[in-house]
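In: could you work out the structure for the sequence below:
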Amino acid sequence: MADNPLNTTPTASVAANGNFDRVPITLVILAGVASALHVGKGPIALPEMQQVFGRSLADLSGMLSVFAVVGVIGGMAAGALTQRLGDRRVLVAGLLVVGLASIVGAAAPAYAWLIATRVVEGLGFLMVVVAAPAVLNRLTPPGKRSLVFGFWGTFMGVGIALSMLLGPLLDNWQVLWLLDGALALVMAACVRLRVPAGAGGRTADRGRGALSVLRSPPTWLLALAFGVYNMQFFAMMSFLPSYLMQRVNLSMAQAGAASALIVVANAAGNVLGGFFLQRGVRASQVMTVGYLVAGLLGLVAFMPVTSGVAVLACCTAFSVAAGVLPATFLASAPRSAPAPQLAPTSLGLVMQGNYLGQVVAPITTAALFAVFGWIAVGIQIGVSAFAGVALVWLYRKYD
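Out: Numbers count the residues shown, from 1 in each chain. The predicted structure is shown next:
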């Protein structure tokens, strides 16, 4: 597997020569956080939206899953677009799309309008999460790449947590939509001004390159493993504020704060995963431990006999354990590419697997909950853990 920085840009030599400019790398990670705000604003707004739109939790799961549906369809296309136009250009465009769509969505007069703007937000978010790792891979020296991707992996957890913290403090969900949209626009300007541009370009064998990625077993295994991870993570996080309100008797504000802290714990797990990789621990070993520990803790968290305090403790520990997985997938994805210049396309395929899990998890969780109650969430998390371990066993020979 290739373990070189992207060779398609003038600034690739900066990373190859060992130069490490923290400012643009930090801005790229913050751009990811700004985009992830738009994932986190959905769960915390669910209770209010139930009243405003007169919808059940199962109905509103579509609002949570729309980002993922877009990602499943367009992950590799976003990677190919990034390879062709340049990673920074696609990153800035994605932030602009997310921000403007969120601002328009705040004026939604009906649920259908809201869903339409969420689809557009999803397109922008997809552009961000595919282009940003390509920028990081280009700008980061190989010796620091695992650690940087560990910090990059925190973007989702931190973004979700911030939205969950902000939501209860604002007057209504529309204000949250406006604020998150404005922050995305600010980050677009910062990235455009401070992050070095990379050169996109036409390649005569784009189709052949995409086909070689599709034929890459390690890339497929990482994509499926990322999907299984999200079957765990989003099974819990999609309805976590509602679960804590019902199961632990927290108020909406308390549930939002607790959920935010739990998601921040996931960000800590991402950094921990990057640290392990930087110390030479094999990716397959990190993934195996992460799946098993998270599966056990998630199962216990949703057992009826578990006390309220233990529920909070298990959810937090689950989040840390599961957090080592995204950092490992994202750090491994560029190395799984058949050639260095195909790293964005490989990232796109891995992100499609990520989104597949995000599509299936909330819908499956809502359906199982309707029949079996909250215990079904724990069972889904446990079963997903064993599926993840099986995929890692197949991936070991490529590690």
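In: next, name the residue at the spatial heart of this protein.
Out: By CA atoms, centre = their mean, the chain has its centre lying nearest to Met156, at 4.9 Å.
In: what's the nearest residue to that one if we skip its chain neighbours?
Out: Leaving aside its chain neighbours, Met156 sits nearest to Ala36 (4.7 Å; criterion: CB to CB, 6 or more residues apart in numbering). (C-beta placed from N, C-alpha, C; glycine too.)
In: tell me what the helix or strand containing the one you found is packed against?
Out: Element membership of Ala36 [criterion: DSSP states H and E] is helix 22-53. Where contact means 3 or more CB pairs under 8 Å, 6 or more residues apart in numbering; DSSP states H and E, helix 22-53 is packed against helix 57-85, helix 87-105, helix 111-139, helix 145-152, helix 155-166, helix 173-194, helix 240-247, helix 252-278.
In: buried residues in it?
Out: For helix 22-53, a neighbour-count test (16 or more other CB atoms under 10 Å) marks 24-25, 27-49 as buried.
In: also stretch 370-381?
Out: Those would be 374, 376-381, for stretch 370-381 by 16+ other CB under 10 Å.
In: could you do stretch 73-86 as well?
Out: Across stretch 73-86, burial judged by 16+ other CB under 10 Å covers 73-76, 78-86.
In: chain center to it, what's the gap?
Out: Put simply, stretch 73-86 sits 17 Å off its chain's centre (CA atoms, centre = their mean, to the nearest Å).
In: what's the average pLDDT for that stretch?
Out: Throughout stretch 73-86, pLDDT has a mean value of 80.
In: could you do stretch 136-155 as well?
Out: 84.
In: again with stretch 238-250
Out: Across stretch 238-250, the average pLDDT comes to 84.
In: send the alpha carbons of that stretch over as CSV?
Out: Only the C-alpha atoms of stretch 238-250 are listed here, as CSV (Å, rounded to 0.1, in the frame of the first residue of the first chain):
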residue,chain,number,x,y,z
SER,A,238,-28.8,9.7,17.2
PHE,A,239,-31.3,9.5,20.0
LEU,A,240,-29.0,10.0,23.0
PRO,A,241,-30.6,13.2,24.3
SER,A,242,-34.1,11.6,24.1
TYR,A,243,-32.8,8.4,25.9
LEU,A,244,-31.2,10.4,28.7
MET,A,245,-34.3,12.4,29.2
GLN,A,246,-36.5,9.3,29.4
ARG,A,247,-34.1,6.8,31.1
VAL,A,248,-32.1,9.1,33.5
ASN,A,249,-34.8,11.8,33.9
LEU,A,250,-32.7,14.7,32.7
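In: quick check: buried residues in it?
Out: Neighbour-count burial for stretch 238-250 [16+ other CB under 10 Å]: 238-245, 247-248, 250.
In: and what of stretch 141-148?
Out: Result for stretch 141-148 [16+ other CB under 10 Å]: buried residues 145-148.
In: tell me the buried residues in stretch 160-173?
Out: Neighbour-count burial for stretch 160-173 flags 160-168, 173 (criterion: 16+ other CB under 10 Å).
In: list the contacts of that stretch.
Out: With CB atoms under 8 Å, 6 or more residues apart in numbering as the test, stretch 160-173 has contacts from 33, 36-41, 43-45, 48-49, 52, 176, 179-180, 237, 241, 252-253, 256-257, 259-261, 263-264, 267.
In: tell me, how many residues neighbour the residue nearest to Gln83 when sequence neighbours are not counted?
Out: Spatially, and ignoring its direct neighbours in sequence, Gln83 is nearest to Pro344 (4.5 Å; CB to CB, 6+ apart). Pro344 is flanked by 32 other residues according to other CB atoms under 10 Å.
In: what's the spacing between Pro362 and Val69?
Out: Pro362 sits 11 Å away from Val69, going by CB to CB, to the nearest Å.
In: and those two? Which one has more around it.
Out: In terms of neighbours (other CB under 10 Å), Pro362 is the more surrounded of Pro362 and Val69; the figures are 26 against 17.
In: ok so, going back, was I right to think the residue nearest to the centre of the chain contacts Ser35?
Out: No: assessed by CB atoms under 8 Å, Met156 is found out of contact with Ser35, at 9.0 Å.
In: out of the helices and strands packed on helix 22-53, flag the one nearest Ala385.
Out: helix 252-278 (14.8 Å; CB to CB).
In: for the helices and strands packed on helix 22-53, which one sits closest to Ala225?
Out: Going by CB to CB, the one of these nearest Ala225 is helix 252-278, 13.2 Å.
In: ok and that closest one relative to helix 22-53, angle-wise?
Out: When axes from the mean of the first three to the mean of the last three CA atoms, to 10 degrees is applied, the directions of helix 252-278 and helix 22-53 differ by 150 degrees.
In: how about the CA coordinates for whichever helix or strand comes after helix 252-278, as CSV?
Out: Counting by DSSP H and E, the next helix or strand C-terminal to helix 252-278 is helix 283-301. Provided in CSV are the C-alpha atoms of helix 283-301 (Å, rounded to 0.1, in the frame of the first residue of the first chain):
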residue,chain,number,x,y,z
ALA,A,283,-4.1,-0.5,13.0
SER,A,284,-5.8,-3.9,13.1
GLN,A,285,-5.0,-4.2,16.8
VAL,A,286,-6.4,-0.8,17.6
MET,A,287,-9.6,-1.6,15.7
THR,A,288,-10.1,-4.9,17.3
VAL,A,289,-9.9,-3.6,20.9
GLY,A,290,-12.0,-0.5,20.0
TYR,A,291,-14.8,-2.6,18.6
LEU,A,292,-15.0,-5.1,21.4
VAL,A,293,-14.8,-2.7,24.3
ALA,A,294,-17.3,-0.3,22.7
GLY,A,295,-19.7,-3.2,22.0
LEU,A,296,-19.7,-4.4,25.6
LEU,A,297,-20.1,-1.0,27.1
GLY,A,298,-22.9,0.0,24.6
LEU,A,299,-24.8,-3.2,25.4
VAL,A,300,-24.6,-2.6,29.2
ALA,A,301,-25.6,1.1,28.8
